[in-house]
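Enquirer: What shape does this take:
(one chain, ligands or ions: 1)
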Amino acid sequence: MTLVQRLKAVLGRGTESRSYAYQCLICNEEFVTDESHMARVSCPGCGASDVRSVAGEA
Ligand SMILES: [Zn+2]
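Expert: Below is the predicted model of the structure:
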């Protein structure tokens, strides 16, 4: 296996169905998204962008 093929395999596995849990600070709704950047996440319930990441099972 070439180095490029190995890199592709590792990167592919790393980004596949990755999910992050967040909680809305406005309505306390907890939700999961594949967006890893908190600044780009907004609450699906009320649309607020004031969210915090939640550690634990996602
Ligand atoms: Zn909300």
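Enquirer: In three-state terms, label residue 23 for me.
Expert: strand (DSSP: H, G, I helix; E, B strand; the rest coil).
Enquirer: Show me what it bridges to in the sheet.
Expert: Taking DSSP bridges, one obtains residue 30, residue 52 as the residues bridged to residue 23.
Enquirer: if I pick it, what's in contact with it?
Expert: 29, 30, 31, 51, 52, 54 (CB atoms under 8 Å, 6 or more residues apart in numbering). Using the backbone N, CA and C atoms, a C-beta is placed for each residue, glycine as well.
Enquirer: near the ion, which residues of this protein?
Expert: Within the chain, the residues that sit near the ion (CB under 5 Å from the ion) are 24, 26, 27, 29, 43, 45, 46, 48.
Enquirer: how about JSON lines for those, with neighbour count, secondary structure and pLDDT added?
Expert: Output for those, formatted as JSON lines (neighbours: other CB atoms under 10 Å; DSSP: H, G, I helix; E, B strand; the rest coil; pLDDT from 0 to 100):
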{"residue": "24", "neighbour count": "21", "secondary structure": "strand", "pLDDT": "97"}
{"residue": "26", "neighbour count": "13", "secondary structure": "coil", "pLDDT": "98"}
{"residue": "27", "neighbour count": "12", "secondary structure": "coil", "pLDDT": "98"}
{"residue": "29", "neighbour count": "15", "secondary structure": "coil", "pLDDT": "97"}
{"residue": "43", "neighbour count": "20", "secondary structure": "coil", "pLDDT": "97"}
{"residue": "45", "neighbour count": "13", "secondary structure": "coil", "pLDDT": "96"}
{"residue": "46", "neighbour count": "12", "secondary structure": "coil", "pLDDT": "98"}
{"residue": "48", "neighbour count": "13", "secondary structure": "coil", "pLDDT": "97"}
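Enquirer: ok, so of the residues you listed, who is nearest residue 3?
Expert: residue 43 (42.0 Å; CB to CB).
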